[in-house]
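**Student:** Fold the following and give me the result.
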Amino acid sequence: MKKKSLYINTFGCQMNVYDSQQIISQLNPIGYEVSESLDEADLIIVNTCAIREKAQQKAFSFFGRLAVLKRKKPGLIICAGGCVAQQEGKRILERFSYIDLVFGTHALKRLPEHIINISKKRCRISDVEMTDEILEFPSVASQVTNNIVTRFVTIMRGCDNYCTYCVVPHVRGPEISRKPEHIIDEIRKLVDSGVQEVTLLGQNVNSYGIKEGLCSFPELLRLVSETEGLFRIRFTTSHPKDLSQELVFAFRDLDKLCNHIHLPVQSGSNNILKRMNRKYTRELYLEKIDKLRKISPDIAITSDVIVGFPGETEDDFKATLDLVKEVEFDSLFTFEYSDRIKAPAAKFSDKISDDIKNGRLRELLELQEYYTTKKHRALVGSNELILVDGFSKKQDVASDRKGSEGIYWSGRTSTNKIVNFTSGDFFLKDDISIGKKINVKIEKAFLHSLLGKPVNLIPKPSKKKEETHAA
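**Tutor:** Next comes the predicted model:
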């Protein structure tokens, strides 16, 4: 079978990244191989995100760019998938006449059949039917190469929390968990293919297995940690209301579990938390933080915060700032509130102006930058074990490259800090390569990353010594 070219553009969260991996795996048997060339593609899939307005706008903007390609190449198949596709359905086909297929978050298994039908009949299809079954796919381990040592693994889909600002329950459906044996089997196959670190994904991993009577999430973590050859385990996202003492103890008891938790707070005001339907208070959240730090004093804690939620007063916003000061998060993902279709808060009347939202966001970012920098500077002089996962993007280290030799590599600490490093005038006893575990001494701290050099280095012979030896 002659292979055709697939270009896939993924927006949004890690779960969309995982879904894109599954899409690639589903389409390979019918003759499609992934390509990085948009112009040469026979099939273009846009995997969309509806969580934030900006993500949805980016997807629609990308759709607009595809009209020219379709005119040049009438046989090109263009598909819209993901959360925006689930939300908008046929409206996307009406708005973009050159899009052939709209498929929702529950239609991944039907995707190959739809592509074949479109290829033969040149029809247009909308499939946003939702089901209450968890989707299992063949292993994507065959896609793993020597350059991939970390991988996402979805353990559950959907959400039952119905936060008033969020569309996830409407576009992903109700919460449903995969069976632990299927998850473990997928991870084993990934590890056999060279993966050393997995990140377990769910909208609320803390409620994993409860509805189905499966094992608890901490019990799942213990099962995953028994996988031979697996180096590290990460997970996201945790809902504060369901963070159990059993999970807190897992950070103490499981060596493979990374010392980092992402625990979205969204607001420091009880008034706003109630309007958001978050089902916990500021006091309960701080109590959970205290329990985590008592068990694991060096744990990295990151969070999400929304500013400008309808009805947020200056006092409400100040309460958020005060909570950030009290917790001293390692980093924050911050967002300005935006109305989302189907989310209840879209109907709230007491909206906050863009100017006020912008100002609050800037103030919050400035405060968090202080704490992130403080956390990073505290690591200068320490030795950190990292898993090398690729080459550095060299954003923060660019100004330090003058006079340096060697390649900049990158990896993450157990606390999820990005570390860039180079051997410089030295070389390691073992060659540096993707997948190596390297101890790095941190020499400089930046806002978004750390810079260091590996320890236990052997100096390179100087040119003078080489010349003398040659003589």
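
**Student:** Give me the residue ranges of the stretch 151-300 of the chain where confidence is low.
**Tutor:** Within the stretch 151-300 of the chain, no range satisfies pLDDT under 70.

**Student:** buried set for stretch 331-347?
**Tutor:** With burial defined by 16 or more other Cβ atoms under 10 Å, the residues of stretch 331-347 counted as buried are 331-332, 334-338, 340, 343, 345. No exception for glycine: its C-beta is placed from N, CA and C like everyone else's.

**Student:** Show me the protein divided up by domain.
**Tutor:** Listed domain ranges for the chain are 4-127, 134-258, 288-377, 383-459 (source: automatic domain parsing).

**Student:** For Tyr280, which of these is the nearest?
**Tutor:** Closest to Tyr280 of these, according to Cβ to Cβ: domain 134-258, at 4.4 Å.

**Student:** Let's verify Lys325: helix, strand, or coil?
**Tutor:** helix (DSSP: H, G, I helix; E, B strand; the rest coil).

**Student:** count of neighbours near the closest residue to it other than its chain neighbours?
**Tutor:** Nearest non-adjacent residue to Lys325, counting by Cβ to Cβ, 6 or more residues apart in numbering: Leu367, 7.2 Å away. Counted with other Cβ atoms under 10 Å, residues neighbouring Leu367 total 16.

**Student:** just the one 10 residues further on next, same as before
**Tutor:** Number of residues near Arg377 (other Cβ under 10 Å) recorded here: 14.

**Student:** returning to that earlier point: weakest of the domains of the chain in terms of mean pLDDT?
**Tutor:** Of all the domains of the chain, mean pLDDT reaches its minimum on domain 383-459 (a mean of 80).

**Student:** circling back to that earlier point, quick one: which of the buried residues of stretch 331-347 is nearest to Phe231?
**Tutor:** In terms of Cβ to Cβ, no member of these lies closer to Phe231 than Ser331, at 22.9 Å.

**Student:** Name the residues of the longest helix that the chain contains that are buried.
**Tutor:** In the chain, taking DSSP state H as the definition, the longest helix is helix 354-377. For helix 354-377, the neighbour count (16+ other Cβ under 10 Å) marks 356-357, 360-361, 364, 367-368, 371-372, 375-376 as buried.

**Student:** Quick check: which helices or strands does that helix pack against?
**Tutor:** Helices and strands touching helix 354-377, as assessed by 3 or more Cβ pairs under 8 Å, 6 or more residues apart in numbering; DSSP states H and E, comprise strand 300-307, helix 314-327, strand 331-336, strand 437-445.

**Student:** want to try JSON lines for these, with distance to Leu254 as columns?
**Tutor:** Formatted as JSON lines, the helices and strands packed on helix 354-377 follow (distance: least, Cβ to Cβ, whole Å):
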{"stretch": "strand 300-307", "distance to Leu254": "16"}
{"stretch": "helix 314-327", "distance to Leu254": "24"}
{"stretch": "strand 331-336", "distance to Leu254": "23"}
{"stretch": "strand 437-445", "distance to Leu254": "18"}
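
**Student:** which of these sits most buried?
**Tutor:** Most buried of those by mean neighbour count (mean count of other Cβ atoms under 10 Å) is strand 300-307; its value is a mean of 21.

**Student:** I'd like to know which elements that one is packed against.
**Tutor:** Judged by 3+ Cβ pairs under 8 Å, 6+ apart, strand 300-307 is in contact with strand 260-262, helix 314-327, strand 331-336, helix 354-377.

**Student:** In TSV, list those along with distance to Ile272.
**Tutor:** Formatted as TSV, the helices and strands packed on strand 300-307 follow (distance: least, Cβ to Cβ, whole Å):
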stretch	distance to Ile272
strand 260-262	20
helix 314-327	5
strand 331-336	14
helix 354-377	12
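
**Student:** To Gly82, which of the ones you listed lies closest?
**Tutor:** Nearest to Gly82, of all these, is strand 331-336, at 18.7 Å by Cβ to Cβ.

**Student:** gap between the residue nearest to Lys325 and Leu38?
**Tutor:** 40 Å (Cβ to Cβ, to the nearest Å).

**Student:** Same question for Gln245.
**Tutor:** 50 Å.

**Student:** Looking at these two now, which is surrounded by more residues?
**Tutor:** Shown here are Gln245 and Leu38; by other Cβ under 10 Å, Leu38 has more neighbours (14 against 11).

**Student:** show me where the chain has helices.
**Tutor:** Under DSSP H, the chain gives helices at 14-27, 53-72, 82-88, 90-95, 111-121, 168-171, 180-192, 217-225, 245-253, 270-275, 282-295, 314-327, 354-377, 463-470.

**Student:** Mind putting those into a markdown table with distance to Asn456?
**Tutor:** A markdown table is the format used below for the helices of the chain (distance: least, Cβ to Cβ, whole Å):
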| stretch | distance to Asn456 |
| --- | --- |
| helix 14-27 | 34 |
| helix 53-72 | 44 |
| helix 82-88 | 46 |
| helix 90-95 | 55 |
| helix 111-121 | 49 |
| helix 168-171 | 46 |
| helix 180-192 | 27 |
| helix 217-225 | 28 |
| helix 245-253 | 28 |
| helix 270-275 | 49 |
| helix 282-295 | 31 |
| helix 314-327 | 36 |
| helix 354-377 | 23 |
| helix 463-470 | 21 |
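
**Student:** Could you look over those helices and pick the most buried one?
**Tutor:** Highest mean neighbour count among these (mean count of other Cβ under 10 Å): helix 82-88, with a mean of 26.

**Student:** residues making contact with it?
**Tutor:** Here helix 82-88 makes contact (Cβ atoms under 8 Å, 6 or more residues apart in numbering) with 11-12, 16, 19, 46-51, 56, 59-60, 92, 102-106, 128, 130, 167-168, 170-172, 341-342.
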